[in-house]
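Visitor: No sequence on hand, only this structure:
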């Protein structure tokens with residue numbers, strides 16, 4: 001079983017940058033696809049980005065492509081989400097998730113383990 005602890009959220013001005021981290025414990029980290037999802041007030045949780053076990057493949061929602069970068073360090077059991085050129089619509093609680101049998105990394109149901117969220121607020 002994998003435990004995930006996200007961090008790095010906070011308040012940033014539009015156009016600014018934040019880096020989220022998700023540290024894992026338990027399990028063999030390199031066996032898991034890791035995804036970032038977010039949920040804004042009154043909205044459903046949505047896919048943001050995901051990275052394959054080796055880090056060789058990455059996936060992004062159209063809304064963040066070109067602005068966000070996902071990466072991982074398997075030795076440190078950590079996945080990062082670099083958020084650049086932030087927009088007010090990026091405001092949400094961000095969650096990291098892990099799955100060992102993820103077929104479609106954009107689908108929430110493929111992930112078995114979820115961390116608690118970290119709040120990101122982008123002011124205009």
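Guide: Received it, and whenever you're ready, just let me know what you need. Bear in mind that the values here come from a model prediction, so they are computed numbers and not experimental data.

Visitor: Just list the residues touching residue 123, thanks.
Guide: Residues near residue 123 by C-beta atoms under 8 Å, 6 or more residues apart in numbering: 11, 12, 13, 14, 88. Heads up, the C-betas are built off the backbone N, CA and C, glycines and all.

Visitor: count of residues packed around residue 44?
Guide: Residue 44 sits with 8 neighbouring residues when counted by other C-beta atoms under 10 Å.

Visitor: what's it sitting at in phi/psi?
Guide: Backbone torsions of residue 44, given as degrees, to the nearest 10, read phi -80, psi 160.

Visitor: Repeat that for residue 110.
Guide: Torsion angles, degrees, to the nearest 10, at residue 110: phi -80, psi -10.

Visitor: And for residue 58?
Guide: Backbone torsions of residue 58, given as degrees, to the nearest 10, read phi -130, psi 160.

Visitor: Next, count neighbours for it.
Guide: 15.

Visitor: Let me know whether it touches residue 72 as I believe.
Guide: No. Judged on C-beta atoms under 8 Å, residue 58 makes no contact with residue 72 at a distance of 9.4 Å.

Visitor: which residues do those two both contact?
Guide: By C-beta under 8 Å, 6+ apart, the residues touching both residue 58 and residue 72 are residue 51.

Visitor: what's the spacing between residue 55 and residue 9?
Guide: Separation of residue 55 from residue 9 (C-beta to C-beta, to the nearest Å): 23 Å.

Visitor: Give me the more crowded residue out of these two.
Guide: Using other C-beta under 10 Å as the criterion, residue 55 and residue 9 rank with residue 9 on top: 18 against 15.

Visitor: Next, the contact list for residue 120, please.
Guide: Contacts for residue 120 (C-beta under 8 Å, 6+ apart) come out as 9-10, 12, 18, 20, 38, 83, 86, 90-94.

Visitor: Tell me what it is bridged to.
Guide: residue 10, residue 92 (DSSP bridges).

Visitor: Tell me the most packed of the contacts of residue 120, by neighbour count.
Guide: Using other C-beta under 10 Å as the neighbour criterion, residue 83 leads the contacts of residue 120 with 26 neighbours.
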